[in-house]
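J.: Quick one: sequence and predicted model below, then my questions.
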Amino acid sequence: MSTPSTSPAKVLVWDTPVRVFHWLLVLCFAGAYLTSESERWRLVHVTLGYTMAGLIGFRVVWGLLGTRYARFSQFVRGPSAVMRYVATLKQSRPEHHMGHNPAGALAIVALLSVAAVVVATGWGAFNDVGGEAFEELHEIAANLMLGIVGVHMAGVLISSWKHRENLIGAMVTGKKTGQPEDGIRSHWRSVAVLILLAVAAFWWQQWQNAPTEGYPGSGGTGAVSMKGAKHDSDHDDD
Ligand code: HEM
Ligand code: HEM
């Protein structure tokens with residue numbers, strides 16, 4: 001809408017905390033999923049799950065206080081905006097957004113919400129709240145999230161192709177092609193460093209407090225029981 005003042009250049013769109021959040025979330029989800037079946041890896045599974053909880057908590061705060069394109073008020077749109085954007089994808093020049101497009105934003109809100117359910121039900125299963133129900137719900141929510149991740153990745157590829165814009169590269173470097181006034185000014189690297197330090201400190205603390213003897217059959221590798229470490233002494237899984 002605004003008249004371009006200069007020729008397009010690479011401008012900063014995603015601050016460093018958003019990018020660190022994104023790739024840590026991917027790592028935690030993948031790690032938690034891959035370790036979900038095995039009791040031997042339960043501590044890793046739970047640690048990655050709680051890390052994910054912290055990341056979501058951070059993202060909610062950053063969605064309210066963060067930089068321009070990180071704010072929910074900038075990218076969360078109603079159904080009509082989503083439909084309009086999807087309809088323009090058929091055209092040769094689809095509606096373009098410097099931040100998240102309305103359809104992508106829908107997947108993002110769904111991912112954050114379902115991730116919260118995965119973590120809450122995982123906590124319920126781990127702390128033996130509500131019997132089998134939490135375990136069932138936890139697995140269903142995790143698989144639902146996997147499905148949305150698939151849609152999210154397909155959406156990223158489709159939008160990248162339709163806009164001839166490398167969206168994955170932008171989530172790595174933070175930069176997209178645009179007018180200088182479209183860019184954000186600060187990287188907020190200090191906040192990203194704090195996130196990384198908090199995650200490292202949590203993982204270190206989990207590692208230090210890991211039970212060394214484990215339970216019968218664990219091989220003493222620091223595994224915890226399915227229902228949590230507090231049950232290890234009185235619970236035999238034979
Ligand atoms: C605070 C976070 C988490 C905690 C405390 C937690 C805890 C647990 C526990 C205790 C189980 C075993 C349930 C049972 O007895 O069958 C489990 C299973 C499972 N978790 Fe998590 N989890 C967490 C996060 C996650 C995340 C982020 C994912 C997504 C990747 C995930 C995916 C799964 C899946 C798919 C299973 C089912 C495995 C099976 O087939 O038995 N969990 N989780
Ligand atoms: C576990 C898997 C994943 C989850 C849970 C996830 C979640 C998210 C979330 C929450 C955002 C919003 C970022 C923010 O504003 O804070 C996002 C954006 C994005 N994700 Fe993922 N993501 C996953 C996997 C991937 C993968 C594997 C790729 C690349 C191959 C990818 C590429 C992107 C891109 C390019 C964006 C920005 C989209 C845009 O330009 O609007 N994501 N993702």
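T.: Arrived safely. Numbers count the residues shown, from 1 in each chain. Ligands and ions are numbered 1, 2, ... in the order given.

J.: Give me the mean pLDDT for the host helix or strand of residue 121.
T.: Per DSSP states H and E: residue 121 is located in helix 102-126. For helix 102-126, mean pLDDT rounds to 97.

J.: what's the offset of it from the middle of its chain?
T.: 9 Å (CA atoms, centre = their mean, to the nearest Å).

J.: Which neighbouring elements make contact with the helix or strand following it?
T.: Scanning forward in sequence from helix 102-126 by DSSP H and E, the next helix or strand is helix 132-163. Using 3 or more CB pairs under 8 Å, 6 or more residues apart in numbering; DSSP states H and E as the contact test, the elements touching helix 132-163 are helix 16-34, helix 102-126, helix 167-173. In this view, the C-beta of every residue, glycine as well, is placed from N, C-alpha and C.

J.: Residue 148: which of these is closest?
T.: Closest to residue 148 of those is helix 102-126 (CB to CB; 5.2 Å).

J.: Look at the closest residue to residue 151 other than its chain neighbours and say how many residues are nearby.
T.: The shortest distance from residue 151 to any non-neighbouring residue, by CB to CB, 6 or more residues apart in numbering, is to residue 107 (5.9 Å). Number of residues near residue 107 (other CB atoms under 10 Å) recorded here: 19.

J.: now residue 107: how far from ligand 1?
T.: Separation of residue 107 from ligand 1 (CB to the nearest ligand atom, to the nearest Å) stands at 17 Å.

J.: dump the residue contacts of that residue.
T.: Neighbouring residues of residue 107 by CB atoms under 8 Å, 6 or more residues apart in numbering: 148, 151-152, 155.

J.: circling back to that earlier point, show me which residues of the helix holding residue 121 are buried.
T.: Residues 102-112, 114-126 are the ones in helix 102-126 that count as buried (16 or more other CB atoms under 10 Å).

J.: which of the residues you listed come close to ligand 2?
T.: Applying CB under 6 Å from any ligand atom, the subset of the buried residues of helix 102-126 adjacent to ligand 2 comprises 104, 108, 111-112.

J.: Need those in CSV (columns: distance to residue 67).
T.: Converted to CSV, these look like this (distance: CB to CB, whole Å):
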residue, distance to residue 67
104, 17
108, 16
111, 20
112, 18
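
J.: for the chain, which spans come out with low pLDDT?
T.: 1-6, 213-238 (pLDDT under 70).

J.: I'd say residue 117 and residue 141 touch.
T.: Yes - judged on CB atoms under 8 Å, residue 117 makes contact with residue 141 at a distance of 4.5 Å.

J.: Now do the same contact list for the residue lying closest to residue 24 once chain neighbours are set aside.
T.: Distances taken as CB to CB, 6+ apart place residue 55 nearest to residue 24, at 5.8 Å, with adjacent residues excluded. By CB under 8 Å, 6+ apart, the contact list for residue 55 reads 21, 24-25, 28, 195.

J.: try 7 Å this time
T.: When contacts are counted by CB atoms under 7 Å, 6 or more residues apart in numbering, residue 55 touches 21, 24-25, 28.

J.: Over to residue 168?
T.: Residues near residue 168 by CB under 7 Å, 6+ apart: 156, 160.

J.: Distance check, residue 34 against ligand 1.
T.: On the measure of CB to the nearest ligand atom, residue 34 and ligand 1 end up 8 Å apart.

J.: Kindly report the residues of this structure close to ligand 1.
T.: 29, 32-33, 36-37, 45-46, 49-50, 52-53, 118-119, 122-123, 125-126, 135, 138-139, 142, 226.

J.: What subset of the residues you listed is buried?
T.: Listed as buried from the residues of the chain next to ligand 1 are 29, 32-33, 36, 45-46, 49-50, 52-53, 118-119, 122-123, 125-126, 135, 138, 142; burial here means 16+ other CB under 10 Å.
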